[in-house]
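Novice: Give the three-dimensional model of this entry:
(chains A, B, C and D)
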2 protein chains.
Amino acid sequence: MAEDRLSTIFAALADPTRRAILTRLAEGEATVSELAEPFSISLPAISRHLKVLEQAGLISRSRSAQWRSSRLEAAPLREATEWMDRYRQFWDVNFTRLDAHLKRVQEGPMS
Amino acid sequence: MAEDRLSTIFAALADPTRRAILTRLAEGEATVSELAEPFSISLPAISRHLKVLEQAGLISRSRSAQWRSSRLEAAPLREATEWMDRYRQFWDVNFTRLDAHLKRVQEGPMS
DNA sequence: CCTATGTTTAACCTATCCGTTAATTAACAA
DNA sequence: TTGTTAATTAACGGATAGGTTAAACATAGG
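Specialist: Predicted coordinates for the structure are as follows:
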């Protein structure tokens, strides 16, 4: 039990509804009802999605009267990106060029 | 059913065993047995993890005699990274500086 | 106090995930 | 043919995910 942080983040991102919520939150804070509006699923379902996002650290929440608004916290995305960056050399053209450049430099000037 | 591509990729990355397999494959191709060796789980379990990774496009597989070797295919990681890049402004210091710079430029020189 | 509004929690259902062991398939080798 | 090695498929089980409806909780306002 007690899953590692990265797994929690990726798992949170694996659901399209949750990704859509994050996209919406990129425009600014929103209440649960506002976030639920575009979807054809129940409010409790949205509420649980928000809990998942919160536990992954992808959102933070605050209350004001009976409204609870969510705010995007993208730091975990940075973590996830950093993990994937280890694989950039396998797909990134620029990385390949940089790699070639470094090899050239390392071999020293010849010609 | 028929989940979208990005969800499949993130879901594949949400498992620590699968991420470890990808890490191992970054060093080069490997057979199922070789990939299973560091783990204390059964071969069938590894076999299914590989199927998940293959369906996410994160690995490709080839056979040679009775061995099936897996090879890293990192293109999907690029897709995932690109999705997350839309949120860079929320955590990347450099992006923040760039953004500030652009705002300054847009407002025109004044002072 | 009573009620309306916003949200969460409880209880439940179904499907999928991740693991197991046992059986099966595939290819080589004696 | 028989056996060995590599891997997958089948069948099962427990835990978790994601949805539902109904009930509970929290706050504002008459």
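Novice: When you work out contacts or count neighbours from here on, use the C-alpha atoms and nothing else.
Specialist: Will do.
Novice: Ends of stretch A:69-79, what's the gap?
Specialist: One end of stretch A:69-79 to the other measures 24 Å (CA to CA, to the nearest Å).
Novice: whoops, I mixed them up, stretch A:12-19
Specialist: First-to-last residue span, stretch A:12-19, CA to CA: 8 Å.
Novice: Could you give the number of residues near residue A:46?
Specialist: By the criterion of other CA atoms under 10 Å in any protein chain shown, residue A:46 has 20 neighbours.
Novice: Let me know the average pLDDT across whichever strand or helix holds it.
Specialist: Assigned by DSSP states H and E, residue A:46 belongs to helix A:43-55. For helix A:43-55, the mean pLDDT works out to 98.
Novice: List the buried residues of it.
Specialist: Using 16 or more other CA atoms under 10 Å in any protein chain shown as the burial criterion, the residues of helix A:43-55 that qualify are A:46, A:49-54.
Novice: tell me how far that helix is from the chain's mean position?
Specialist: 15 Å (CA atoms, centre = their mean, to the nearest Å).
Novice: and what of stretch A:10-25?
Specialist: 8 Å.
Novice: Report whether it contacts DNA strand C.
Specialist: No - residues of stretch A:10-25 are not located near DNA strand C by CA under 7 Å from any atom of the strand, the shortest gap being 8.8 Å.
Novice: What parts of chain A come near DNA strand C?
Specialist: Counting by CA under 7 Å from any atom of the strand, chain A comes close to DNA strand C at A:31-34, A:43-44, A:46-48, A:50, A:66-69.
Novice: what's the helix or strand harbouring residue A:9 packed up against?
Specialist: According to DSSP H and E, residue A:9 maps onto helix A:5-13. Secondary-structure packing of helix A:5-13 (3 or more CA pairs under 8 Å, 6 or more residues apart in numbering or on different chains; DSSP states H and E): helix A:43-55, helix A:75-85, helix B:5-13.
Novice: returning to that earlier point: next secondary structure after the helix holding residue A:46?
Specialist: In the C-terminal direction from helix A:43-55 (assignment by DSSP H and E), the next one is strand A:59-64.
Novice: following that following strand, which helix or strand comes up?
Specialist: Counting by DSSP H and E, what follows strand A:59-64 is strand A:67-72.
Novice: which outside residues touch that next one?
Specialist: Strand A:67-72 is contacted by residues A:22, A:25-26, A:28-32, A:58-63 when judged by CA atoms under 8 Å, 6 or more residues apart in numbering or on different chains.
Novice: The helices and strands packed on helix A:5-13: which one's closest to residue B:88?
Specialist: Residue B:88 sits nearest to helix A:75-85 of all the helices and strands packed on helix A:5-13, at 7.7 Å, using CA to CA.
Novice: Could you tell me the angle between the closest one and helix B:5-13?
Specialist: Going by axes from the mean of the first three to the mean of the last three CA atoms, to 10 degrees, helix A:75-85 is angled at 80 degrees with respect to helix B:5-13.
Novice: Buried ones in helix A:75-85, by neighbour count?
Specialist: By neighbour count on 16+ other CA under 10 Å, the buried set for helix A:75-85 is A:75-78, A:80-81, A:84.
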